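Colleague: Generate coordinates for the sequence data below:
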Amino acid sequence: MDKNFANVEIYTPGIVIFDPEVLVGFLQKNNIANDNLFDCFLADEHLGRAVIDEGVLIPIYQIPEAEYSVFLDTARLGIVNGTSKFRYSGFPLRSTSGLVVVADLNALFDWDPDFFLNYKVNYESRLACNDYLDVPVGLYSVTIIGYEDLQSPLMPKGYGLTLHAVEVLPRLNPNSTVDDRDFTL
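Modeller: Numbers count the residues shown, from 1 in each chain. Predicted coordinates:
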């Protein structure tokens, strides 16, 4: 059965969504061997922009530390009573492994490629700050919808992802930044 929701408790103010194979490939292509990927992406604006534009990583930054659900919105997991707070469209996402990890920023601060590349094998030893979703291999334009008042098995606050298969990854406005979107619930 496909896993279509992830529950995470974030300890740092942000969530990242990524396919581990795609991220490792991006790091290899760009000769990045640093364990603190977040600092690498901040220090080099071109690299930080490329990791998003190439569908390697979807950032949901500057959100309070709390428990959140991230789910494939097309699954309609009993969110009938959920209240939509915002909708942002056009985030590129690339999947080559068939899964994406949903993690707090610690995944980028202390990058562990062996753990994430073998995520399903390591699933039982994970911390509450990361989980995964089964996502078919492909290229996507992702819409993120922020919800409150979600019902169990989801956390009360969460982010629905609507994946639209595309032939070519969408381009975000080159003048926009992550700070232009308020993901706070």
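Colleague: in its sheet, what does the lengthiest strand in the chain sit against?
Modeller: Looking across the chain with DSSP state E, the single longest strand is strand 83-95. If you go by DSSP bridges, strand 83-95 pairs up with strand 138-148 (antiparallel).
Colleague: Just the strands from the chain, written as ranges.
Modeller: Using DSSP E, strands in the chain cover 5-9, 14-18, 57-61, 67-72, 83-95, 99-104, 130-134, 138-148, 158-165.
Colleague: Switch those strands over to TSV; also include distance to Leu117.
Modeller: All C-beta atoms are positioned from the backbone trio N, CA, C, and that covers glycine. Formatted as TSV, these follow (distance: least, Cβ to Cβ, whole Å):
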stretch	distance to Leu117
strand 5-9	18
strand 14-18	12
strand 57-61	15
strand 67-72	20
strand 83-95	14
strand 99-104	10
strand 130-134	12
strand 138-148	19
strand 158-165	22
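Colleague: I'd like those strands as JSON lines, with mean pLDDT and mean neighbour count appended.
Modeller: JSON lines is the format used below for the strands of the chain (pLDDT from 0 to 100; neighbours: other Cβ atoms under 10 Å):
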{"stretch": "strand 5-9", "mean pLDDT": "95", "mean neighbour count": "20"}
{"stretch": "strand 14-18", "mean pLDDT": "97", "mean neighbour count": "23"}
{"stretch": "strand 57-61", "mean pLDDT": "94", "mean neighbour count": "22"}
{"stretch": "strand 67-72", "mean pLDDT": "95", "mean neighbour count": "23"}
{"stretch": "strand 83-95", "mean pLDDT": "94", "mean neighbour count": "17"}
{"stretch": "strand 99-104", "mean pLDDT": "97", "mean neighbour count": "25"}
{"stretch": "strand 130-134", "mean pLDDT": "97", "mean neighbour count": "20"}
{"stretch": "strand 138-148", "mean pLDDT": "95", "mean neighbour count": "19"}
{"stretch": "strand 158-165", "mean pLDDT": "94", "mean neighbour count": "20"}
